[in-house]
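> fold the following for me, if possible:
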Amino acid sequence: MKSGPATARPGSELAMMAALAKAISRATRTNVDVETLKVLIIFSGAGLLLSLVAAMIYGQALNAALF
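Next up is the predicted model:
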């Protein structure tokens, strides 16, 4: 059984990722692979999560130091 963007169901996550990769490829005129896009999204999400946690921790310490 084949797998990949060509055989993905229309409503699946893989089809959405393939459409996003295709749109980015067209906009930037570079070849963007779905796997590359997945890695970028995972690292971006992890970075966002870590920065939010750091802001929560240090925001409370900063708030306590100011008052």
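
> okay, and the residue nearest the centre of the chain sits in which element?
Taking CA atoms, centre = their mean, the centroid of the chain lies closest to Ile41, which sits 2.0 Å from it. Assigned by DSSP states H and E, Ile41 belongs to helix 34-66.

> which strands and helices sit next to that helix?
In terms of contacts (3 or more CB pairs under 8 Å, 6 or more residues apart in numbering; DSSP states H and E), helix 34-66 is packed against helix 13-28. C-beta coordinates here come from the backbone N, C-alpha and C atoms, glycine included.

> mind giving me the packing neighbours of the helix it packs on?
helix 34-66.

> same question for the helix it packs on, mean pLDDT?
Averaging pLDDT along helix 34-66 gives 83.

> next, Thr30: phi, psi?
Phi and psi for Thr30, reported as degrees, to the nearest 10, are phi -130, psi 160.

> let me fix that: Asp33
Note on Asp33: its backbone torsions stand at phi -90, psi 150 [degrees, to the nearest 10].

> next, count neighbours for the nearest residue to it once chain neighbours are set aside.
Computed as CB to CB, 6 or more residues apart in numbering, the closest residue to Asp33 that is not its neighbour in sequence is Ala21, at 6.6 Å. Here the number of neighbours of Ala21 (other CB atoms under 10 Å) works out to 19.
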